[in-house]
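Enquirer: show me the folded form of this:
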Amino acid sequence: MLLQEIRNEIICYGKKAVESRLTKGTGGNLSVCDRESGLMAITPSGIDYFEIKPEQIVLIDVQTGKIVDGDAVPSSECDMHRIFYKYRTDIQAMIHTHTTFAATLSCLRQSLPAVHYLVAYAGTDVRCAEYATYGTVRLAKNAFEAMKDRKAVLLANHGLLAGGANLAEAFAVTEEIEFCCELMYRTKSIGEPVILAEDEMKRMIVRFQNYGKRIEEHEEI
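Expert: Here you go, the predicted model:
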């Protein structure tokens with residue numbers, strides 16, 4: 001089977017998204033880009049994540065949008081995934097969800113500021129893209145524009161889109177940004193959150209790039 005390992009990985013992360021309460025039912029979509037073949041693999045439309053079979057993961061040519069393989073209808077948001085693979089080389093996997101707190105901010109048409117340093121998983125902040133009907137090229141273009149220099153974007157009156165070098169990173173970005181959206185909601189309910197400075201967020205982005213690596217500290221304690 002063409003790209004069988006990638007198809008299986010998408011199914012695995014789809015189930016994980018449901019179990020982590022990042023999505024439910026058939027909501028949202030996941031994809032992976034295979035640069036060697038020039039194909040993207042994406043979840044099918046309208047099938048429960050626990051019922052999806054590998055052959056139902058749809059393979060699409062990144063450059064042309066032509067369906068190459070798959071025994072199902074591709075997600076309605078396939079263009080929103082494909083535009084990133086076509087024009088950004090740093091994004092190899094994407095996850096779109098309707099998580100509660102990210103969707104809440106998106107319905108207010110508000111961006112997510114640096115309410116917590118974990119926002120740096122996506123960038124110095126997370127912008128909210130202009131509204132467009134789901135499944136349209138306009139939504140794909142709006143998302144792409146608002147996610148420049150970022151790894152996540154809020155989709156107005158819709159939800160969250162996150163990307164990464166692989167599904168593990170895209171999943172981590174999804175989790176952390178949803179957590180930060182919840183913090184924004186809760187802090188705004190009792191007061192006004194203190195937003196971290198941009199230079200601190202840039203420092204966090206660098207530190208996250210070296211996360212898990214040994215760093216020599218020269219400052220005295």
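Enquirer: look up how far A41 lies from E55.
Expert: With distances taken as Cβ to Cβ, to the nearest Å, E55 is found 11 Å from A41. To be clear about C-beta, it is placed using only N, CA and C from the backbone, and glycine gets the same treatment.
Enquirer: and if you look at G164?
Expert: 15 Å.
Enquirer: confidence score at I215?
Expert: pLDDT for I215: 51.
Enquirer: can you pull out the low-pLDDT segments for the chain?
Expert: 212-221 (pLDDT under 70).
Enquirer: backbone phi and psi for the most centrally placed residue in it, please?
Expert: For the chain, the residue sitting closest to the mean C-alpha position, by Cα atoms, centre = their mean, is A162 at 1.3 Å. With angles defined as degrees, to the nearest 10, A162 sits at phi -130, psi 150.
Enquirer: same check, this time on R88
Expert: Per degrees, to the nearest 10, the backbone of R88 is at phi -130, psi 130.
Enquirer: please apply the same query to R82.
Expert: Residue torsions, per degrees, to the nearest 10, at R82 are phi -60, psi -30.
Enquirer: could you check how far it is from P74?
Expert: 10 Å.
Enquirer: overlap of the contact sets of these two?
Expert: Common contacts of R82 and P74 (Cβ atoms under 8 Å, 6 or more residues apart in numbering): I60.
Enquirer: show the end-to-end separation of stretch 155-169, please.
Expert: 20 Å (Cα to Cα, to the nearest Å).
Enquirer: quick one: that stretch to chain centroid distance?
Expert: 1 Å (Cα atoms, centre = their mean, to the nearest Å).
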